[in-house]
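Undergrad: coords please:
(one chain, ligands or ions: 1)
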Amino acid sequence: MNGLQRERLRAEAEMRGQAALEQALTVAFWDALERGPLPPMAALEAAARTVGTLYRQIASLHGPAPRCGCGWQPEPDEDLIRLEAMLAAALIERHRPALADLPVQGRA
Ligand SMILES: [Zn+2]
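TA: Modelled structure (predicted):
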(Lines give C-alpha, C1' and ligand atoms only; values in the text may rest on other atoms or scores of the structure.)
Protein backbone atom coordinates (compact mmCIF):
# COMPACT_ATOMS: atom_id res chain seq x y z
CA MET A 1 0.00 0.00 0.00
CA ASN A 2 1.45 3.35 -0.95
CA GLY A 3 1.20 6.60 0.92
CA LEU A 4 -1.66 7.90 -1.20
CA GLN A 5 -3.74 4.78 -0.58
CA ARG A 6 -2.99 4.95 3.12
CA GLU A 7 -4.05 8.58 3.21
CA ARG A 8 -7.27 7.79 1.36
CA LEU A 9 -8.12 4.97 3.79
CA ARG A 10 -7.37 7.25 6.72
CA ALA A 11 -9.61 9.98 5.27
CA GLU A 12 -12.43 7.50 4.62
CA ALA A 13 -12.19 6.11 8.14
CA GLU A 14 -12.28 9.65 9.50
CA MET A 15 -15.40 10.46 7.46
CA ARG A 16 -17.13 7.31 8.69
CA GLY A 17 -16.21 8.18 12.26
CA GLN A 18 -17.52 11.72 11.84
CA ALA A 19 -20.77 10.47 10.30
CA ALA A 20 -21.31 8.04 13.19
CA LEU A 21 -20.62 10.77 15.75
CA GLU A 22 -22.93 13.23 13.98
CA GLN A 23 -25.69 10.64 13.97
CA ALA A 24 -25.22 9.82 17.66
CA LEU A 25 -25.27 13.52 18.62
CA THR A 26 -28.33 14.16 16.46
CA VAL A 27 -30.25 11.29 17.99
CA ALA A 28 -29.30 12.41 21.51
CA PHE A 29 -30.36 16.00 20.73
CA TRP A 30 -33.80 15.03 19.40
CA ASP A 31 -34.33 12.46 22.17
CA ALA A 32 -33.65 15.16 24.78
CA LEU A 33 -36.12 17.54 23.11
CA GLU A 34 -38.78 14.84 23.05
CA ARG A 35 -38.37 14.38 26.80
CA GLY A 36 -38.41 18.09 27.57
CA PRO A 37 -39.17 20.63 24.88
CA LEU A 38 -37.02 23.78 24.91
CA PRO A 39 -37.19 26.99 22.92
CA PRO A 40 -35.18 26.33 19.74
CA MET A 41 -32.35 28.75 20.49
CA ALA A 42 -32.09 27.54 24.09
CA ALA A 43 -31.64 24.01 22.78
CA LEU A 44 -29.04 25.09 20.25
CA GLU A 45 -27.20 27.18 22.84
CA ALA A 46 -26.92 24.10 25.03
CA ALA A 47 -25.58 22.11 22.09
CA ALA A 48 -23.00 24.80 21.26
CA ARG A 49 -21.93 25.09 24.90
CA THR A 50 -21.48 21.32 24.98
CA VAL A 51 -19.19 21.46 21.95
CA GLY A 52 -17.08 24.04 23.78
CA THR A 53 -16.92 21.84 26.87
CA LEU A 54 -15.98 18.82 24.78
CA TYR A 55 -13.22 20.86 23.14
CA ARG A 56 -11.81 21.86 26.53
CA GLN A 57 -11.95 18.27 27.79
CA ILE A 58 -10.35 16.67 24.74
CA ALA A 59 -7.73 19.42 24.48
CA SER A 60 -6.74 18.80 28.09
CA LEU A 61 -5.89 15.22 27.11
CA HIS A 62 -3.38 16.46 24.51
CA GLY A 63 -1.46 19.68 25.07
CA PRO A 64 0.86 21.06 26.15
CA ALA A 65 2.56 17.77 27.06
CA PRO A 66 1.04 15.28 24.62
CA ARG A 67 -0.19 12.15 26.29
CA CYS A 68 -1.92 10.28 23.48
CA GLY A 69 0.70 10.51 20.76
CA CYS A 70 -1.63 11.54 17.90
CA GLY A 71 0.35 14.72 17.34
CA TRP A 72 -2.50 17.20 17.74
CA GLN A 73 -1.53 20.37 19.55
CA PRO A 74 -4.62 22.29 20.63
CA GLU A 75 -4.60 25.91 19.42
CA PRO A 76 -7.81 27.32 20.92
CA ASP A 77 -7.86 30.49 18.78
CA GLU A 78 -7.24 28.68 15.49
CA ASP A 79 -9.42 25.73 16.43
CA LEU A 80 -12.31 28.07 17.28
CA ILE A 81 -12.06 29.66 13.83
CA ARG A 82 -12.21 26.17 12.29
CA LEU A 83 -15.22 25.20 14.41
CA GLU A 84 -16.99 28.48 13.59
CA ALA A 85 -16.42 27.79 9.89
CA MET A 86 -17.98 24.33 10.23
CA LEU A 87 -20.95 25.82 12.06
CA ALA A 88 -21.41 28.53 9.45
CA ALA A 89 -21.12 26.03 6.59
CA ALA A 90 -23.70 23.73 8.19
CA LEU A 91 -26.11 26.66 8.67
CA ILE A 92 -26.14 27.54 4.99
CA GLU A 93 -26.02 24.00 3.66
CA ARG A 94 -29.06 23.72 1.43
CA HIS A 95 -29.47 20.06 0.78
CA ARG A 96 -27.58 17.22 2.31
CA PRO A 97 -29.32 13.89 2.03
CA ALA A 98 -27.99 12.49 5.28
CA LEU A 99 -30.03 10.53 7.77
CA ALA A 100 -28.26 12.33 10.57
CA ASP A 101 -29.84 15.63 9.52
CA LEU A 102 -33.39 14.43 9.97
CA PRO A 103 -35.35 14.60 13.18
CA VAL A 104 -36.15 11.19 14.56
CA GLN A 105 -39.84 10.45 14.29
CA GLY A 106 -42.09 7.63 15.30
CA ARG A 107 -39.71 6.07 17.74
CA ALA A 108 -41.03 3.55 20.23
ZN1 LIG B 1 -3.91 13.09 20.61
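Undergrad: Quick check: which helices or strands does the strand or helix carrying Gln5 pack against?
TA: Element membership for Gln5 (DSSP states H and E) is helix 3-35. In terms of contacts (3 or more Cβ pairs under 8 Å, 6 or more residues apart in numbering; DSSP states H and E), helix 3-35 is packed against helix 40-60. For every residue, glycine as well, the C-beta is placed using N, CA and C.
Undergrad: hmm, who's touching the helix it packs on?
TA: 25, 29, 32-33, 38, 74, 76, 79, 83, 87 (Cβ atoms under 8 Å, 6 or more residues apart in numbering).
Undergrad: Show the average pLDDT along that helix.
TA: Per-residue pLDDT values across helix 40-60 average out to 96.
Undergrad: and the chain, which of its residues are near the ion?
TA: Residues of the chain found near the ion (Cβ under 5 Å from the ion) are 62, 68, 70, 72.
Undergrad: Taking the centroid of this protein, which residue is nearest it?
TA: Closest to where the C-alpha atoms of the chain average out (Cα atoms, centre = their mean) is Glu22, at 5.8 Å.
Undergrad: sorry, back to before: where's the dip in pLDDT among the residues of the chain next to the ion?
TA: The minimum pLDDT among the residues of the chain next to the ion falls on Cys68, with 77.
Undergrad: How is Gln73 assigned, secondary-structure-wise?
TA: coil (DSSP: H, G, I helix; E, B strand; the rest coil).
Undergrad: I'm done for today, thanks for sticking with me.
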